[in-house]
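*Asks:* Structural data only, the sequence is not supplied:
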């Protein structure tokens with residue numbers, strides 16, 4: 001009897017122990033994981049921060065943000081790790097998506113002229129009639145090019161765009177003479193600068209100074225965003241994702257570029273570690289320190305898109321529905 005009572009007591013004690021909640025499986029579509037603009041998402045996975053906050057994250061890599069977006073709209077992925085501006089473009093088409101954590105406070109996009117075209121292309125206007133590489137047609141790099149062409153007095157579609165991806169493929173397109181210029185990001189920009197002395201850059205948004213000079217204010221870049229309906233249906237998963245990214249941003253701003261690089265997948269760092277480290281060092285100030293969306297920056301994104309797209313200008317987009325800071329604020333309050 002005494003043994004039976006002990007067994008019963010042990011069983012009751014075990015039953016009283018808290019049961020760990022099952023991790024929520026989330027598919028995250030990335031518009032080019034090799035790009036340093038998306039590093040916080042990849043780093044969050046490497047550090048185990050998604051798992052720590054109850055998320056079993058599967059990262060699915062695409063060649064550009066537009067393709068990652070299609071995966072979420074089409075239902076084959078849950079969340080996009082991509083550029084915030086897509087939420088505005090989709091809102092103009094009556095599709096409601098919202099960003100819930102912003103990890104890039106600047107776009108980090110650069111227009112690089114091919115070495116052989118240095119004497120022919122000296123201004124943005126000179127890109128008209130040229131072949132220009134973008135990550136993918138319809139992606140943030142494509143929108144960036146079209147906006148600057150229009151601002152320079154040229155038709156937004158006056159350059160022929162070619163999808164060249166990001167990272168090594170963008171570098172190869174320049175080195176092999178396939179394009180006259182490329183709209184890309186680090187690490188590709190720093191790699192090209194190391195290979196070609198005196199490389200001409202027509203626009204550079206890797207810093208606050210250059211971004212504000214170009215747009216008149218900050219311009220938020222990479223964020224996690226998804227369909228508003230998915231946010232409504234999965235608030236706990238969204239909270240976990242926001243907490244994981246904010247914790248990763250804290251890690252970025254409290255560790256050296258060398259320490260961050262050591263956490264990244266070897267295939268993303270590549271064989272030339274010095275080049276990757278230089279690119280990462282150039283990009284550190286691009287990452288948000290808070291994860292919050294800057295309302296003024298969101299207004300700038302809308303203004304840029306309205307200038308380049310009559311459809312967006314006429315759509316009367318409600319910016320308050322394209323992002324929320326509630327999940328990041330809750331994550332910060334819980335720290």
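*Replies:* Thanks, I have the structure now. Note that the structure is predicted; figures quoted are calculated from it, not measured. Numbering: from 1, shown residues only.
*Asks:* Flag every buried residue along the strand or helix carrying residue 250.
*Replies:* Secondary structure assignment for residue 250, by DSSP states H and E: helix 235-252. By neighbour count on 16 or more other CB atoms under 10 Å, the buried set for helix 235-252 is 237-252. All C-beta atoms are positioned from the backbone trio N, CA, C, and that covers glycine.
*Asks:* Can you name the residues that contact residue 256?
*Replies:* With CB atoms under 8 Å, 6 or more residues apart in numbering as the criterion, no residue contacts residue 256.
*Asks:* Could I get the pLDDT score of it?
*Replies:* On the pLDDT scale, residue 256 is placed at 98.
*Asks:* swap in residue 168?
*Replies:* On the pLDDT scale, residue 168 gets 88.
*Asks:* thinking again about what came up before, just the buried residues of helix 235-252 now: which is nearest residue 48?
*Replies:* residue 244 (9.1 Å; CB to CB).
*Asks:* In contact with the closest residue to that closest one other than its chain neighbours: list those residues for me.
*Replies:* Nearest non-adjacent residue to residue 244, counting by CB to CB, 6 or more residues apart in numbering: residue 49, 4.1 Å away. Applying CB under 8 Å, 6+ apart, we find residue 49 in contact with 243-245, 247-248, 251.
*Asks:* Could you measure from residue 49 over to residue 92?
*Replies:* From residue 49 over to residue 92 the distance is 34 Å, taken as CB to CB, to the nearest Å.
*Asks:* before we move on, which element is residue 56 in?
*Replies:* Going by DSSP H and E, residue 56 is part of strand 55-61.
*Asks:* what does that strand contact?
*Replies:* By CB under 8 Å, 6+ apart, strand 55-61 touches 23-30, 32-33, 41-42, 44-45, 50-51, 68, 71, 77, 81, 237, 240-241, 244.
*Asks:* Turn the contacts of residue 49 into JSON lines, columns for pLDDT and distance to residue 294.
*Replies:* Formatted as JSON lines, the contacts of residue 49 follow (pLDDT from 0 to 100; distance: CB to CB, whole Å):
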{"residue": "243", "pLDDT": "98", "distance to residue 294": "20"}
{"residue": "244", "pLDDT": "98", "distance to residue 294": "21"}
{"residue": "245", "pLDDT": "98", "distance to residue 294": "16"}
{"residue": "247", "pLDDT": "98", "distance to residue 294": "20"}
{"residue": "248", "pLDDT": "98", "distance to residue 294": "19"}
{"residue": "251", "pLDDT": "98", "distance to residue 294": "21"}
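*Asks:* where does residue 104 fall, phi/psi-wise?
*Replies:* Dihedral pair for residue 104: phi -110, psi 120, per degrees, to the nearest 10.
*Asks:* How about the backbone phi and psi for the closest residue to it other than its chain neighbours?
*Replies:* Take residue 104 and drop its neighbours on the chain: the residue closest to it by CB to CB, 6+ apart is residue 221, 3.3 Å away. Per-residue torsions, residue 221: phi -110, psi -110 (degrees, to the nearest 10).
*Asks:* Verify the contact between residue 221 and residue 107 for me.
*Replies:* Yes - between residue 221 and residue 107 there is a contact at 4.1 Å, judged by CB atoms under 8 Å.
*Asks:* Mutual contacts of these two, please.
*Replies:* 37, 83, 140.
*Asks:* Nearest spatial neighbour of the residue most central in space within the chain, chain-adjacent residues omitted?
*Replies:* By CA atoms, centre = their mean, the chain has its centre lying nearest to residue 222, at 2.9 Å. Distance criterion CB to CB, 6+ apart; nearest residue to residue 222, sequence neighbours excluded, is residue 104 at 3.8 Å.
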